[in-house]
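Participant: pasting the sequence and the predicted coordinates here, then a few questions.
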Amino acid sequence: MTPVDVSTRRPDSWLRLKHTTHCPFAATARVMRAGAWDPARDARSNLAHIGDQLRQFCRAYEATRLHGFVAEIGAPPGRELDLGLSAGLVNWLLRGLAGLDGQNTESDWRAIETTEWQFRFAGVRLFMNLFSRCYPPHHSKHIGLDRGVLVFAQPEQAFDFCGVNPARPSIKHGIRARFAAAGKPYPGRLIDSRVEAHLYVFPLRLDDPPVRWWLADPPF
């Protein structure tokens, strides 16, 4: 089954983010979705479904020029969705996906705080991005999803689909300026450090230290 753009099928938190974010490319981005988290299924079954969908995406994104993949991760009932739990959900998801992909995170993630490390799945290097309501409304990663978080995966090549690449730094600077003008500045120093693992889960405040999500307690 070839992934299709399903980012406009129903009004929800992802669509609100897609059409209200200050990223100039978001409104026209073609995104494959894993579908809603199913609370009637256990976490392992939901993970398997996300893994199947992400594998399909990785096989077809180049031919179909999809910009990214988004998955909803449900939070355990009764838990406050703070930054710690949000980071734990990212840790659980990425370790789970790595396991489905036959990776050994103990060895493969040993260099996680270097500029060379990047999450990969099905042979594709992916930039991962957390959105959560644990962030305040003025934060660039805030999303009004009550039941969990969203994780957005973007292949390196998909940045070229948008015209965002190292050869055109003016595009990146322009995006940051748009967010800053809207009162939602990006942590520029953190981004410019190029330690990619530090960018998957943004800190709550600009001057806060990096969030080491891979050390957060997985909730499942």
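Facilitator: Yes, it's here. A quick note: this is a predicted structure, and the numbers were derived from the prediction, not measured.
Participant: residues contacting the residue most central in space within the chain?
Facilitator: By Cα atoms, centre = their mean, the mean C-alpha position of the chain lies nearest to residue 129, the distance being 2.4 Å. Residue 129 sits next to 141, 151, 152, 153, 154, 199, 200 when contact means Cβ atoms under 8 Å, 6 or more residues apart in numbering. Where C-beta positions appear, they are placed from N, C-alpha and C, glycine not excepted.
Participant: so where does it fall, helix or strand?
Facilitator: Counting by DSSP states H and E, the element that carries residue 129 is strand 124-131.
Participant: mind listing the strands that strand pairs with, and their directions?
Facilitator: strand 120-121 (antiparallel), strand 148-155 (antiparallel) (DSSP bridges).
Participant: was I right about residue 86 contacting residue 131?
Facilitator: No - the criterion here is Cβ atoms under 8 Å, and residue 86 misses it with residue 131 at 9.1 Å.
Participant: toward the C-terminus, what is the element adjacent to the lowest-mean-pLDDT helix or strand in the chain?
Facilitator: One helix or strand of the chain scores below all others by mean pLDDT, DSSP states H and E: helix 169-181, with a mean of 59. Next helix or strand after helix 169-181 toward the C-terminus (DSSP H and E): helix 188-192.
Participant: show me the helices in this structure, by range?
Facilitator: Secondary structure of the chain (DSSP state H): helices located at 13-20, 43-64, 83-100, 105-108, 156-161, 169-181, 188-192.
Participant: so what touches the third one?
Facilitator: Spelled out, that is helix 83-100. Here helix 83-100 has contacts from 43, 47-48, 50-51, 54, 71, 73, 75, 79, 105, 108-109, 119, 121, 128, 130, 132, 134-135, 148-149, 151, 200-201, 203-204, 211-220, using Cβ under 8 Å, 6+ apart.
Participant: can I get that helix in PDB, CA atoms only?
Facilitator: Only the C-alpha atoms of helix 83-100 are listed here, as PDB (Å, rounded to 0.1, in the frame of the first residue of the first chain):
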ATOM      1  CA  LEU A  83       7.400  17.700  30.100                       C
ATOM      2  CA  GLY A  84       8.800  14.600  31.900                       C
ATOM      3  CA  LEU A  85       5.900  12.400  30.700                       C
ATOM      4  CA  SER A  86       6.100  13.900  27.200                       C
ATOM      5  CA  ALA A  87       9.800  13.100  27.000                       C
ATOM      6  CA  GLY A  88       9.100   9.600  28.300                       C
ATOM      7  CA  LEU A  89       6.600   9.000  25.500                       C
ATOM      8  CA  VAL A  90       9.200  10.100  22.900                       C
ATOM      9  CA  ASN A  91      11.700   7.700  24.600                       C
ATOM     10  CA  TRP A  92       9.200   4.900  24.500                       C
ATOM     11  CA  LEU A  93       8.300   5.500  20.900                       C
ATOM     12  CA  LEU A  94      11.800   5.800  19.500                       C
ATOM     13  CA  ARG A  95      13.200   2.800  21.400                       C
ATOM     14  CA  GLY A  96      10.100   0.800  20.400                       C
ATOM     15  CA  LEU A  97      10.500   1.700  16.800                       C
ATOM     16  CA  ALA A  98      14.200   0.900  16.900                       C
ATOM     17  CA  GLY A  99      13.400  -2.500  18.300                       C
ATOM     18  CA  LEU A 100      10.900  -3.200  15.500                       C
END
